[in-house]
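> Let me see the structure of the following:
(one chain, ligands or ions: 1)
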Amino acid sequence: MTSGKIITGLTKEELEHDLLELGEPKYRASQVIEWVYNQRVTNFKDMSNLPDDLREKLSKIYRITDLTPVQDSRSNDTTKKYLYQLHDGRYIESVIIPATTNVNGNRSSRQTLCVSSQVGCAYGCKFCASGLDGFTRNLETSEITGQLLAVEEESKKKINNVVFMGMGEPLANLKNLMHSIKIINADWGLGIGARHITVSTSGLAPEIRKIADQPLQIRLAVSLHGASDDVREKIMPINKKYPINDLIESLQYYNSKKKHKVTFEYILIEGINDSEEQAKSLANIASSLRAKINLIPYNKVEGLHWERPSEKIQKNFLNILIKNKIQATLRKEKGHDIEAACGQLRLKKERSEMTKAVT
Ligand code: SF4
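Predicted coordinates:
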């Protein structure tokens, strides 16, 4: 039997296998899955087409999900952030970002969920709150899929776009990431198409190759934030392990295997990575990989000293990219007023509990 005891951490095949071992017919797995993902029941007692003794047996062995909602906060720009407690008392967060207009200016029904993949993070990117208290642990598959179910339940909205850009480095939790994506993508599961699932990485070159080798056409975003090693190292310690040339080679491999080209995320930080020289180097890198670029003005993080550049500098940086025929956008950061940069709400909660414990 699989070790996972949370239904939302199992694929349909794994649940079928478990139920066969319990002496039940395979079709019971389809019935349970129908209740969990279509009817959204959270209790085995409510699965009315299962025999009573099976409902009792299942409720002794499994739980359906394992996240406890703690807090939510809404920003003025319609993003909403949810904080969840895990079975070991740790916290994670998810942010829903409703799009009101699409790139053509038409109304869009896109509901994006920014999902966490780890508790804390070991990679210590200098603009990010998630790494401030270091890494605690990987999320289990059920703790990843559970974020979608829990936010849909609380928001009463159907998520149709998922970005792994919350707390943690998703590619450092590759096994559970890919397992959860199977469930998120499956028709019997959350039914979200692979091209509506984006994994964002700080640049783990070997894992980028592994993502390229897996069959699903999910999208990849890379946090670049510097177009030369000296600048990128100031922002992203991972660059010492996988310098820009290694990263580019892994992305060339990715391009050779995938239809969708990669997107670079580039946070503009005043006086650090916003020079014209960096813009030109960035254009060269993006052009060689036919990559798109999202420029994001720096979002202030409590405890960090950097500032966002003036609008004039932001626009000048964008114009250099566009003149070099790069597909680039300058993003208006959503969720600025609810601390939507990854890890900030959870960090506050954990620190306030630590303060309570000390006083
Ligand atoms: S940006 Fe991502 S990889 Fe970097 S510290 Fe934050 S969570 Fe970790």
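> a strand runs through residue 332, doesn't it?
No - membership of residue 332 in a strand is not supported by DSSP: H, G, I helix; E, B strand; the rest coil, which gives coil.
> what number of residues lie near whatever residue of the stretch 201-350 of the chain ends up closest to the ligand?
Relative to the ligand, the nearest point of the stretch 201-350 of the chain is residue 202 (3.9 Å; CB to the nearest ligand atom). The way it works is simple: take the backbone N, C-alpha and C, and place the C-beta from them, glycine included. Residue 202 is flanked by 25 other residues according to other CB atoms under 10 Å.
> got the residues of the chain near the ligand?
Residues of the chain found near the ligand (CB under 6 Å from any ligand atom) are 121, 123-125, 128, 130-131, 167-169, 202, 223, 342.
> Residue 287 touches residue 323, doesn't it?
No - Residue 287 is beyond contact range of residue 323, at 11.7 Å (criterion: CB atoms under 8 Å).
> Can you give the distance of stretch 244-264 from its chain's centre?
Computed by CA atoms, centre = their mean, to the nearest Å, the chain-centroid distance of stretch 244-264 equals 19 Å.
> List only those of the residues of the chain next to the ligand flagged as buried.
121, 123, 125, 128, 130, 131, 167, 168, 169, 202, 223, 342 (16 or more other CB atoms under 10 Å).
> how about those residues, which pair is most distant?
Farthest apart among these by CB to CB are 167 and 223. That separation is 13.7 Å.
> any weak-confidence spans in this structure?
Along the chain, segments meeting pLDDT under 70 span 1-4, 75-77, 100-107, 333-359.
> Which parts of it are helices?
12-21, 27-33, 52-61, 141-155, 174-185, 205-213, 229-235, 238-241, 244-257, 276-289, 311-323, 344-358 (DSSP state H).
> May I see the buried residues of the shortest one?
When you say that, I think you mean helix 238-241. 238, 239.
> contact partners of that helix?
123, 125, 202, 203, 204, 226, 229, 232, 233 (CB atoms under 8 Å, 6 or more residues apart in numbering).
> Please give me every residue in contact with residue 37.
Going by CB under 8 Å, 6+ apart, residue 37 touches 188, 189, 190, 191.
> Residue 254: what's it in contact with?
208, 209, 211, 212, 220, 262.
> and residue 271, how many neighbours?
By the criterion of other CB under 10 Å, residue 271 has 10 neighbours.
> Now do the contacts for it.
Residue 271 sits next to residue 309 when contact means CB under 8 Å, 6+ apart.
> if we go to 6 Å?
Residue 271 makes contact with no residue, according to CB atoms under 6 Å, 6 or more residues apart in numbering.
> just the helices of the chain: most buried one?
Ranked by mean neighbour count, those are led by helix 141-155 with a mean of 23 (mean count of other CB atoms under 10 Å).
> quick one, that helix and helix 12-21 angle?
If you take axes from the mean of the first three to the mean of the last three CA atoms, to 10 degrees, helix 141-155 sits at 110 degrees to helix 12-21.
> what sits up against helix 141-155?
The contact list for helix 141-155 (CB under 6 Å, 6+ apart) reads 6, 8-9, 65-67, 82, 94, 96, 113, 115, 159, 176, 179-180, 183, 190.
> Then stretch 50-66?
Defining contact as CB under 6 Å, 6+ apart, one finds that stretch 50-66 is touched by 5-8, 36, 42, 44-45, 47, 87, 142, 146, 149.
> sorry, back to before: narrow the residues of the chain next to the ligand to those in strands?
residue 223 (DSSP state E).
> residues in contact with residue 320?
Applying CB under 6 Å, 6+ apart, the residues near residue 320 are residue 279.
> what's the distance between the residue most central in space within the chain and residue 301?
Nearest to the mean C-alpha position of the chain, counting by CA atoms, centre = their mean, stands residue 164 at 1.4 Å. Applying CB to CB, to the nearest Å, the value for residue 164 to residue 301 is 20 Å.
> what's the answer for residue 117, then?
Applying CB to CB to residue 117 and residue 301 gives a distance of 19 Å.
> Name the residue in these two with the higher neighbour count.
Ranked by neighbour count (other CB under 10 Å), residue 117 and residue 301 place residue 117 first, with 27 against 20.
> I'd guessed residue 12 sits against residue 183; true?
No - in this structure, residue 12 is not within contact of residue 183 by CB atoms under 6 Å, at 8.6 Å.
> Now do the contacts for the closest residue to residue 242 other than its chain neighbours.
Leaving out its chain neighbours, the residue that sits closest to residue 242 by CB to CB, 6 or more residues apart in numbering is residue 205, at 4.4 Å. By CB under 6 Å, 6+ apart, the contact set of residue 205 is 242, 246, 247, 250.
> you'd agree the third one is up against residue 203?
Yes - between residue 247 and residue 203 there is a contact at 4.8 Å, judged by CB under 6 Å.
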